[in-house]
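Trainee: sequence plus the predicted model coming up.
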Amino acid sequence: MATKIDKEACREVYNLVRDDASEVNWATFKYDGTVIVPGKHGADFGDFKDEFTDDCRMFAFVRITTGDAMSKRAKFAFITWIGENVSGLQRAKIGPDKSLLKEVVQTFAKEFLINDPRDLEEDFLRAELKKAGGANYDAQIQ
């Protein structure tokens with residue numbers, strides 16, 4: 001059966017993460033049967049990391065503040081997670097399913113395909129987003 005997406009519900013959570021006035025800085029998108037729906041969302045990065053388990057596949061959208069001495073700005077990451085214990089068939093479907101979600105989640109600085117929890121560290125994501133951010137006036141200091 002083909003995967004579907006609850007676009008309106010997903011768009012609402014996506015916009016919440018993008019909203020500068022919101023404290024929400026992450027959201028997950030999970031499967032409810034064959035429908036992609038919003039999972040959890042929040043502000044605590046520890047809670048975010050707890051969402052990723054070895055037996056699930058899901059997507060996430062994260063806001064991380066990056067920048068240098070000259071400017072600070074919000075950067076966004078789109079994450080595809082495939083846990084170690086996800087079946088081959090579910091792994092194969094993740095690509096086409098991701099394209100459905102990308103109809104809603106359209107603006108992000110960097111996309112990640114992650115299956116190792118160590119790559120979900122906030123410092124790792126921040127460093128990767130900083131690289132994608134262009135000019136870095138702190139380069140002389142590092």
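Mentor: It's in. Numbers count the residues shown, from 1 in each chain.

Trainee: quick check: residue 2 vs residue 33, distance?
Mentor: Using CB to CB, to the nearest Å, residue 2 is found at 12 Å from residue 33. For every residue, glycine as well, the C-beta is placed using N, CA and C.

Trainee: wait, a strand at residue 53?
Mentor: No. Secondary structure assignment places residue 53 outside any strand; it is coil (DSSP: H, G, I helix; E, B strand; the rest coil).

Trainee: that one - how many residues pack around it?
Mentor: 13 (other CB atoms under 10 Å).

Trainee: how about the one 3 residues further on?
Mentor: Residue 56: 17 surrounding residues under other CB under 10 Å.

Trainee: ok, and the closest non-adjacent residue to residue 3?
Mentor: In this structure, residue 3 finds its nearest non-sequential neighbour in residue 97, 4.8 Å apart by CB to CB, 6 or more residues apart in numbering.

Trainee: is it correct that that neighbour is in contact with residue 34?
Mentor: No. If you go by CB atoms under 8 Å, residue 97 and residue 34 don't touch, sitting 9.4 Å apart.

Trainee: got any residues that touch both of these two?
Mentor: With contacts taken as CB atoms under 8 Å, 6 or more residues apart in numbering, the residues that reach both residue 97 and residue 34 are residue 3.
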